[in-house]
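In: next input, structure requested:
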Amino acid sequence: MTTHPTRDWTVQQARNLAADLGTRTESLRFLLRDRDSKYGEAFDAVFEAEELHVLKSAPQVPRMNAHCERIIGSIRREVLDHILIMGEAHARQVLAAYQMHYNEHRPHHSATSYHRMP
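Out: As a prediction, the model looks like this:
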């Protein structure tokens, strides 16, 4: 970590991440990043060399990160604070179960809740 990241620093971090991931990058398809000036063409090139499609967040959409942070916070509070994850396969299984619960079983998301009488 650094308090003042530069373009060169972020490129080096991208290279380190790509090297650490190794063959696991084959299961990844996209990299979503914001439009900060510290990410440049060299940063994108590192991931494009790993055959990842780099997507930039929409310009001037300040709430986009807030939505991502909200779901990440929900996962942390409702899942990760209560379960000890034992590996990647276990994490995928737990998150799949939480996704089903979040999208289908919560009362305010049920199909009948939209058709209630006033």
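
In: so which bits of the helix or strand hosting residue 12 are buried?
Out: Element membership for residue 12, per DSSP states H and E: helix 7-21. Judged by neighbour count (16 or more other Cβ atoms under 10 Å), helix 7-21 contains these buried residues: 10-11, 14. (Each C-beta comes from the backbone N, C-alpha and C, glycine too.)

In: for the record, mean pLDDT for that helix?
Out: For helix 7-21, the mean pLDDT works out to 92.

In: how about stretch 25-40?
Out: Rounded mean pLDDT across stretch 25-40 is 87.

In: endpoint to endpoint, that stretch covers what distance?
Out: Across stretch 25-40, the straight-line distance between its terminal residues is 21 Å, by Cα to Cα, to the nearest Å.

In: buried residues, it. List them.
Out: Along stretch 25-40, the positions that meet the burial threshold by neighbour count (16+ other Cβ under 10 Å) are 25, 31, 33, 39.

In: among those residues, which ones are in strands?
Out: Among these, the ones falling in strands (DSSP state E) are 31, 33.

In: picking up where we left off before, run through who's touching the helix holding residue 12.
Out: Among residues not part of helix 7-21, those counted as contacts by Cβ atoms under 8 Å, 6 or more residues apart in numbering are 2, 25, 28, 37-40, 42-43, 46-47, 49-50.

In: if you set the cut-off to 6 Å instead, what comes out?
Out: Helix 7-21 has contacts (Cβ atoms under 6 Å, 6 or more residues apart in numbering) with 38-40, 42-43, 46, 50.

In: same deal with stretch 45-63?
Out: Residues external to stretch 45-63 that are found in contact with it (Cβ under 6 Å, 6+ apart): 14-15, 18, 25, 28, 30-32, 34-35, 44, 64.

In: that stretch: end-to-end distance?
Out: 27 Å.
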